[in-house]
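*Asks:* build the 3D model from these lines:
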Amino acid sequence: VHLVESGGGLVQPGGSLRLSCTASEFSLEENTIAWFRQAPGKQREAVSCISGYDDSTYYADSVKGRFTISRDNAKNFVYLQMNNVKPEDAGDYYCAQETRFLICAPNIIPADFPSWGQGTQVTVSS
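*Replies:* All right, here's what the predicted structure looks like:
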């Protein structure tokens, strides 16, 4: 399984960025896909998730109202739209896949997801 993230980069506080996750060998449709982030010296934390079971979504409290996760099944992408970005949003962002219709919930952890991308870095600076 090979997931590929893109879209990271430098963004000013208050700015926007869209991260993308795709796979070349399989469809992301009906898979639960989550975005995790890891800041230097911190644990990897779940930012958002979209369930393969019913497309229900989860957002960490810190990003609720600012980030949006979505799918484009025709293009085989899952996106994370990041608006009103804050300095604390900086870090390496990873997309992760789970194929057993995991329901997205606040208790999701990295161990729930067997497949990961290589990450894309988000830097927030003026």
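*Asks:* center of the protein, which residue is that?
*Replies:* Nearest to the mean C-alpha position of the chain, counting by Cα atoms, centre = their mean, stands residue 35 at 2.1 Å.
*Asks:* tell me which helix or strand comes right after the helix or strand that one falls within.
*Replies:* Taking DSSP states H and E as the definition, residue 35 sits inside strand 32-38. Per DSSP H and E, strand 32-38 leads on to strand 45-50 as the next helix or strand towards the C-terminus.
*Asks:* how far does that next one sit from the chain's center?
*Replies:* Relative to the chain's own centre, strand 45-50 is displaced by 6 Å; criterion: Cα atoms, centre = their mean, to the nearest Å.
*Asks:* helices or strands next to it in the packing?
*Replies:* The contact analysis (3 or more Cβ pairs under 8 Å, 6 or more residues apart in numbering; DSSP states H and E) places strand 45-50 against strand 32-38, strand 57-59, strand 67-72, strand 77-82. Backbone N, C-alpha and C define where each C-beta goes, glycine included.
*Asks:* please identify the deepest-packed of those.
*Replies:* strand 32-38 (a mean of 25; mean count of other Cβ atoms under 10 Å).
*Asks:* only alpha carbons, please: show that one as PDB.
*Replies:* What follows is strand 32-38 as a C-alpha-only set of coordinates in PDB (Å, rounded to 0.1, in the frame of the first residue of the first chain):
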ATOM      1  CA  THR A  32     -11.300   5.200   6.300                       C
ATOM      2  CA  ILE A  33      -8.700   7.900   5.800                       C
ATOM      3  CA  ALA A  34      -7.300  10.000   8.500                       C
ATOM      4  CA  TRP A  35      -4.900  13.000   8.700                       C
ATOM      5  CA  PHE A  36      -2.500  13.000  11.500                       C
ATOM      6  CA  ARG A  37       0.100  15.600  12.300                       C
ATOM      7  CA  GLN A  38       3.300  15.600  14.300                       C
END
